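Participant: Predicted model, plus sequence, below.
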Amino acid sequence: MDPSIQKHFTVVDYVIFAVLLAASMGIGLYYALSGGRQRTTQEFLMADRSMRCLPVSLSLIASFQSAVAIIGVPAEIYTHGTQYWFIGCAYVLGLLIPAHVFIPVLYRLRLSSAYQYLELRFSKAVRICGTLTFIFQMVIYMGVCVYTPAFALNAVTGFELWGAVLATGLVCTVYTTMGGLKAVIWTDVFQTIVMFAGQLAVIVVGVHQTGGVSEVWRKVWEGNRISALDLNPDPTERHTFWTLAVGGVFLMLSLYGVNQAQVQRYLSARTEKEAVRSCYMVFPSLQLALALSCVMGLVMFARYCGEDPSDKLGTSSRDAMVIYFVMDMLQGLPGLPGLFVACLFSAALSTISSAFNSLATVTMEDLIKPHFPAMSEARATLLSKVLAMSYGLVCLAMAYLTHLMGDSVLQVALKIFGMVGGPILGLFCLGMFFPWANSVGAVTGLGTGLSVSFWIGIGSIISHSSGTKPLPPDCSSSFLSGNTTTVTQLSALSNVTLSHSSGLKSFYSLSYMWYSAFNCFTVIVIGLIISFLTGPMKEQDVTPGTIYPLLGTLFGFLPARLKKKLCCVTPLGQTPSSQQRQPPQHKEINGLDFQQEGAPSEEEIETFLRDGHTPFVEHETTV
């Protein structure tokens, strides 16, 4: 970077940044020394299932609104315009479906790990496969979250890159290890407030220094950064309305429906109603966060239209441009640059602390406890803390590898969730909505989905087919009028080239926003085919409470006999016997007696999982 344009922090900025880290540490210390002092796995991993909806909802926002979003979204808007804003349409179904489908099923089963559901529904092998897939996904994503703010800060201010990475990773590891899920959730609440304050400060100062709201609007309009509604159905187009609003729904479902980091927050709520309410409360906050990030990108464009400071930065990364803009706008206002950096690192801390805690939970509940059922509570809690600390160290190692990725951080992060989160979403949908799906079909479907997703993802990286070099930030009206024909001709030429490209090339050109949907459907289709070939499960063979009767609702117009053959028509948490007011049914599974009126009790499920049973050897007796 050109030393003449390098920005520097004042003492006040460093103090604000240090206060953020100290406050996060303080919250962790408080919960380590208060209440039950994190002496049980129930308190350390699940917050004693005592959290109210407000802190849970703010924690859900903080987990999603990572440093990747705070840097990546403004950079996306600055470079390509406001088309990305349409992903906000996906938030509606992306939060309603988890609230009314996934939360009721998972909460009523009283689980600690979302992947315990997979053993109840399928088998232990499916549970382990789901757990390992999630661990792989989150370990990679943690590296991106830690490296992103440190790299951008280093590129603009000369702030020590690995010093920032170590400070973030170690502080987060310490308070997560000391305070457990309660500390993670309450630091998320504090960090969410800091995030909104930092972004708002940058926008207010940026608009003022650019000449006011009307001047900002004139420049972004003349610079062609206000995108129209693009209804192009081509799935290889990087961003269209359908890509963002429909493909984005599946991305949101993989995050808010089945991702352990979010599910663990639902399960920590005091009641199911509180869990559902927290999901509803996320919606307006996510829309506000998206709006702030998009407006920040537009203000940044208005500030630099006619020039391209990226050449001075010594890097082509648009992500570093966001930090440069912030430091440029806020220079001379002591404390405000530090506030935004605190905002940025708050986002990073909230995301990776959630990852540490969720990874420790699934490792403990899914991989260790089933093999050591006699482990004492004290030893299990200590081991959970060691796991959280270990994942913190793994996160630092992954941060070192992240700089090898060439795409924007936003695109890298969403690719990771699409490539790995999509198949996991497909696995849960296969289990919840299709009672015929069996264990063999689930494992085969997941394996196929992951194989196809990595084939597409790696192929797109090698062929580097996604996206063209962005236009420089020119906002003169002459640029628009004089180049409209040229842009149209280039667009037509690109379409002709695409049509003549090989089928495989087009396959690799699939927009990364469709990855979750495509991989989800791959798992479902392959899973159902294999299940039918190997012998589909019958409704009475499925553990009570693990099926959501979606198909029974959709095909309500069919005769009852046909519905019975095609799909599960039993309401959630009930059985046909309870509907018909017949005597209570007991289902004996490998020696365990399950009451079939409602979902299994917590004690039954814990005994069932601890003893390593599978839900397939069974018979029924009428009491």
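Facilitator: Received it, and whenever you're ready, just let me know what you need. Numbering: from 1, shown residues only.

Participant: ok, G297 to A183 distance?
Facilitator: The spacing between G297 and A183, counted by CB to CB, to the nearest Å, is 33 Å. Quick note: C-beta positions are derived from backbone N, CA and C, even for glycine.

Participant: Have a look at the protein and report its longest helix.
Facilitator: Scanning the chain for the longest helix, with DSSP state H as the assignment, gives helix 161-210.

Participant: So what does S268 look like in phi/psi?
Facilitator: S268 has phi and psi values of phi -80, psi -10 when expressed as degrees, to the nearest 10.

Participant: Run through the residues that contact it.
Facilitator: Contacts for S268 (CB atoms under 8 Å, 6 or more residues apart in numbering) come out as M46, A47, R49, S50, M51, V56, L181, I185.

Participant: now with 10 Å?
Facilitator: 45-51, 55-56, 59, 112, 181-182, 184-185, 274-275, 278 (CB atoms under 10 Å, 6 or more residues apart in numbering).

Participant: how close does the residue nearest the centre of the chain get to T351?
Facilitator: In the chain, the C-alpha nearest the mean C-alpha coordinate belongs to L255, at 3.7 Å (CA atoms, centre = their mean). Separation of L255 from T351 (CB to CB) stands at 11 Å.

Participant: thinking again about what came up before, secondary structure class for the residue nearest to the centre of the chain?
Facilitator: The three-state label given to L255 by DSSP: H, G, I helix; E, B strand; the rest coil is helix.

Participant: residues in contact with it?
Facilitator: L60, S63, F64, G94, L95, P98, A261, Q262, F417, G421, L425, S516.

Participant: number of nearby residues for the fifth one?
Facilitator: By that I understand L95. By other CB atoms under 10 Å, the residues close to L95 number 23.

Participant: Q264 versus that one, what's the distance?
Facilitator: 17 Å.

Participant: Check the second one too.
Facilitator: Shown here: S63 relative to Q264, a distance of 10 Å by CB to CB.

Participant: where do the contact lists of those two overlap?
Facilitator: What both S63 and Q264 touch, as defined by CB under 10 Å, 6+ apart, is the set V184, I185, S354, S358.

Participant: Which one of those is nearest to F555?
Facilitator: Relative to F555, the closest of the shared contacts of S63 and Q264 is S358; by CB to CB it sits at 35.8 Å.

Participant: Phi and psi next, for that closest one.
Facilitator: Dihedral angles of S358 (phi, psi; degrees, to the nearest 10) stand at phi -70, psi -40.

Participant: what about it, neighbour count?
Facilitator: S358: 28 neighbours (other CB under 10 Å).

Participant: mind starting the numbering at 47 from now?
Facilitator: Noted, 47 is the first residue going forward, which turns the last one into S404.

Participant: My read is that it contacts Y437, right?
Facilitator: Yes - contact criterion CB atoms under 10 Å: S404 and Y437 qualify, at 9.3 Å.

Participant: so what sits against both of the two?
Facilitator: Common neighbours of S404 and Y437 (CB under 10 Å, 6+ apart) are I181, M184.

Participant: Find me the pLDDT at the residue nearest to the centre of the chain, would you?
Facilitator: With respect to pLDDT, L301 scores 86.

Participant: where's it relative to S555, distance?
Facilitator: The value you get for L301 to S555, if CB to CB is used, is 24 Å.

Participant: do G269 as well
Facilitator: Computed as CB to CB, the G269 to S555 distance reads 27 Å.

Participant: got it, and A420?
Facilitator: To S555, A420 is 54 Å away according to CB to CB.

Participant: Also V372?
Facilitator: V372 is 34 Å from S555, where distance means CB to CB.

Participant: can you check I507 too?
Facilitator: In terms of CB to CB, I507 sits 12 Å off from S555.
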